[in-house]
Each structure stands twice: as C-alpha cells, then as structure tokens.
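**Q** Sequence and predicted structure below; questions after.
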Amino acid sequence: MKNKKFVLGIFALLSCIGYLLWPVYQFYAWSLDALPLSPFGWQALATEAPSTHKIYRHDLKEAADQSLKVIETHRQEIGSPAISAAVSACGKLVWAGASGWADLEKQIPVTTETRFRIGSTSKALTGTALARLVQKGSIDLDKSITHYLEALPNQEWAEITPRQLASHMSGLPHYKKNSDWLGLYKTLALDRHYDSMYQALEIFDSSELLFQPGSNFYYSTLGTVLLGAVLAGAEQKSYLDVMEDEVFIPAGMKNTGISPLNGNMERNIARFYKSNGLSGDELRLREWRPVDLSHRLPGGGFISTPTDLVKLGAHYLDDNFLAAETREAFWTPQKLANGEVNEQHYALGWRYREQEIPSLGIVRHANHGGVSRGSQSWLMVIPDHNLSVALNINRKTKIFWDFGRISMDIAEAFIRQQDKLGCK
C-alpha cells in the first residue's frame, strides 16, 4: 500500500511539473526554435497561388499592376502562404492587392479583406488615440500618469508620464526583462484572457524599473499596455471603447479588432503559420498554436487589414483628424537626457526616419512594423507625397526587412505617378 501511495505521489508530482513546464516548452519550441515540435502537421507551400487586386483609381493602373507583380513574386521568395498590401494617396484608398492562401489546408485564397495579426503596429494605433486625446485636452503628455489612474499597482510608476510610455523612455521592461516572474510565466503560456488593460497590468506590476523614467530608452510593449490603461482612465471607459471612438470609427477602420486565439475563416481572419526554418522545396509550414494576446492589446494584440492601416495613414495626414502641430509633435523622435535622439528614432507611437529610394532620393516616413505569432505587419506614411503603404503576411521571416522591403518598391511605383494624383 505504501509503495502504491509513493508511486501515485511521484506520478502526481511529475504531472504537476509537466503541466507547469508545458508553457515553457511551447514558448521555446514555437517562438525560439530551441526545442523540437512534432513531425506531424507540416505542409508544403505550393508554388502557384491565386492573386487579386482592387484598383480604385484607374489612372494609376500601371502602378497597381506593377505592385501586384511585386507582392506575387515576394510571396514566393519569402515562402509566405499569403501576402496582402494596400496604398492610400491624397487621403483616399487607391489600391489593394493580395496573393496566396488564407488557409493552406482548405486552399482558401487570401483576399484584400482578409485580416492579419499586426503585432507591434498596434502601437501606432494606440499612439494615434493618445494624439487625439492630447489634442482635445484630455491628456497632458508631461503630467504623471497618477492624474489618469486612481490607483497605481506599483508606486515606482508615479513619476512616469504618457510621453515616456509612448516613446519607450519610462524604464519599464519588455517581456524578457520582466522580473515579475508570475507575469513572465503568463506571457509564455498565453492562455489567459484580459477584458481590461488595468487588469492586464498584473503581468508586470511587481517588475522593477530598468532606469529612472525619462533618462534612457528601452523598447517596451509592457509600457504601451500601461499607456492603454492610462487612455482608458483618462476617458473613464474601456481601452477598446477609446480606440473605437478616437481611431477606428473616425478613420473608417471596420476590419480592425482584437486578435482571436487563431485564424478564423468565418470571420475572414487568416490562419497563422510557423515555418520549419528552411526554404525552397524543403520549406514546410504548420498552423500556429492558439494564443491569447489580450494582455498586450495596445502594443501587439490587434488584427487588421492593409486597407484599414492605410486608412489610418491617410487620416493622420488630414488636418481635420489631427492638427499639423499635433502630427509634428507625435512624429518628432524623442531625445534622451543627454540631448541625443534615441537609437530607434522613436517618436510617440511611431518611428520616424529618412530613407533613400534610389530613383527618388531621400524619403521621410513615419512607420511601425509588427511581429506576432505567425504574422508580420508594416505601415509606412510618407507625408511629403501624401502616401501610405501597408503590408501583411501570415508567417514570420527571420529578418523583418526581408518582408517589409517591398514597401519601398510599391511606394516608388505610385510616387512615379504622382502627377496623376493631383495632390502634394
């Protein structure tokens, strides 16, 4: 009897250890490729795939046709099941295109309305809501967040301002430096749903600050989560309601919302895939495991379409949506305590850079990329040409710019037809 109890005790103990370690294994296997996955469930990617596009300005057909060919070729080169792109110019949607498969197994083609996880491009959406609230006087960028949150779960946060959260200068950690061990574990498991951003603060509310707020730069999605709670507190409504009222409804972003556990064809959400790290004939893909990203919604938990994203870009350039001085403030890279611009040229919710397009010269653009589970996103707004370009795919590439670089080719194609757009 004693031996039986001992064996049962050991079995129960090992079962508990296995249960607790399972999320750790999942993270290391799926996100870091450090542990093996099951050999079953992998699929090959067919070379041929359907394509579609919508041309909203037929005098731009040359640029539209060229851009469709670009995404068709690029999809094959990077081994993505699907790719989708869109362009807005002069405040209007002018083109949207898509190539590949939203669902590999069922051979369901991607369309221009298919939705993708957008990862950290979510930060640009949250930054836009912040800009709108600053513009109408609901938030002061340089006041302590204690003015907007009645109870701070961590008193070290009392000196943090909305500006510091939006520019990653608050001292809050990103995931891997989160010293709230229980919260860190929850970000590995990705199996808990949060209905409010204040509730989601439990993920990192006992983590130590990395530096004095405002003294340095450290990219932090967790800081954007706190910013989401600040927006909600300032408006006395849920974070999602703030986003609907200040961004999604005014910009006509009808296909943007909370990322589900996985793809859903009935809701026009692409399935998300992981690659085996190989290319060509050896490339294999499998659908990503279900994950709940609600804890990071303001900084990495939305789904959207390239069409919705370029609508946002178009509205950002509209003085009726954001005044010129507000836009300039939010697109000005923030300086460190020593007076130097931070290493990522990060402004408030956006990066702002100058980049050369060989045939056009130096082009200034506000942008934000995003990497999520089985998905990548890129939004670029080019104010000098009143143009926005967005891209999405439903897998990850090892090097982000291997995915995003064709945005420059698409931008160039439409800028070359600038004379037909009739705006500057």
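**A** It's in. Residues are numbered from 1 along each chain as shown.

**Q** how about the strands in the stretch 201-350 of the chain?
**A** 257-258, 273-275, 285-287, 302-304 (DSSP state E, counting those that start in this stretch).

**Q** Can you tell me which of those is most buried?
**A** Stretch with highest mean neighbour count among these: strand 302-304 (a mean of 29; mean count of other C-beta atoms under 10 Å). Every C-beta, even on glycine, is put in place using the N, C-alpha and C of the backbone.

**Q** Quick one: list the elements packing against it.
**A** Contacts defined by 3 or more C-beta pairs under 8 Å, 6 or more residues apart in numbering; DSSP states H and E place strand 302-304 against strand 116-117, strand 257-258.

**Q** Throw these into JSON lines and include mean pLDDT, thanks.
**A** JSON lines is the format used below for the helices and strands packed on strand 302-304 (pLDDT from 0 to 100):
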{"stretch": "strand 116-117", "mean pLDDT": "98"}
{"stretch": "strand 257-258", "mean pLDDT": "97"}
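
**Q** closest to L152 out of these?
**A** For the helices and strands packed on strand 302-304, distance to L152 was read as C-beta to C-beta. The smallest value, 25.4 Å, belongs to strand 257-258.

**Q** Contacts for the closest one, please.
**A** With contact meaning C-beta atoms under 8 Å, 6 or more residues apart in numbering, strand 257-258 is reached by 115, 240, 294, 297, 301-304.

**Q** Also stretch 150-164?
**A** Here stretch 150-164 makes contact (C-beta under 8 Å, 6+ apart) with 130, 134, 139-146, 148, 169-172, 201-202, 205-209, 212-214, 223, 226-227, 230, 233, 334, 348.

**Q** Could you list the low-pLDDT ranges of the stretch 251-400 of the chain?
**A** The stretch 251-400 of the chain contains no residues with pLDDT under 70.

**Q** Helices of that one, start to end?
**A** For the stretch 251-400 of the chain, applying DSSP state H, counting those that start in this stretch gives helices covering 297-300, 306-316, 324-330, 400-404.

**Q** can I get the ones you listed in TSV with distance to L184?
**A** Formatted as TSV, the helices of the stretch 251-400 of the chain follow (distance: least, C-beta to C-beta, whole Å):
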stretch	distance to L184
helix 297-300	16
helix 306-316	30
helix 324-330	31
helix 400-404	24
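
**Q** Just send those helices back as TSV, with mean neighbour count and distance to A411 too.
**A** Below are those laid out as TSV (neighbours: other C-beta atoms under 10 Å; distance: least, C-beta to C-beta, whole Å):
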stretch	mean neighbour count	distance to A411
helix 297-300	28	25
helix 306-316	27	11
helix 324-330	16	19
helix 400-404	17	11
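
**Q** For H58, find the nearest of those.
**A** With respect to H58, and counting by C-beta to C-beta, the nearest of the helices of the stretch 251-400 of the chain is helix 306-316 at 17.7 Å.

**Q** Nearest residue to R416 in space, please, no chain neighbours.
**A** Excluding the flanking residues, the one nearest R416 by C-beta to C-beta, 6 or more residues apart in numbering is A63, at 6.9 Å.

**Q** Quick check: that neighbour touching D419?
**A** No - using C-beta atoms under 8 Å, A63 is not in contact with D419, being 11.9 Å away.

**Q** want to throw the strands of the stretch 201-350 of the chain into JSON lines with distance to S122?
**A** Below are the strands of the stretch 201-350 of the chain laid out as JSON lines (distance: least, C-beta to C-beta, whole Å):
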{"stretch": "strand 257-258", "distance to S122": "10"}
{"stretch": "strand 273-275", "distance to S122": "20"}
{"stretch": "strand 285-287", "distance to S122": "22"}
{"stretch": "strand 302-304", "distance to S122": "4"}
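
**Q** Among these, which comes closest to H53?
**A** The closest of the strands of the stretch 201-350 of the chain to H53 is strand 302-304. By C-beta to C-beta, the value is 18.3 Å.

**Q** Tell me where the stretch 1-150 of the chain has helices.
**A** Taking DSSP H, counting those that start in this stretch, the helices of the stretch 1-150 of the chain run over residues 2-30, 61-78, 122-135.

**Q** which stretch among those comes nearest E244?
**A** Closest among the helices of the stretch 1-150 of the chain, using C-beta to C-beta: helix 122-135, at 9.6 Å.

**Q** Need the mean per-residue confidence for that closest one.
**A** Helix 122-135 shows a mean pLDDT of 98.

**Q** Show residues contacting it.
**A** With contacts defined as C-beta under 8 Å, 6+ apart, helix 122-135 is touched by 139-141, 162, 166, 221, 224, 227-228, 231, 234-235, 242-243, 246-247, 256, 296-302, 312, 316, 321-323, 326-327, 329-330, 348-350, 368, 370, 379.

**Q** how much space between the residue lying closest to Q418 once chain neighbours are set aside and R364?
**A** The shortest distance from Q418 to any non-neighbouring residue, by C-beta to C-beta, 6+ apart, is to H385 (6.3 Å). According to C-beta to C-beta, to the nearest Å, H385 and R364 sit 10 Å apart.

**Q** So those two - more neighbours on which side?
**A** Comparing H385 with R364 by other C-beta atoms under 10 Å, the one with more neighbours is H385, at 20 against 14.
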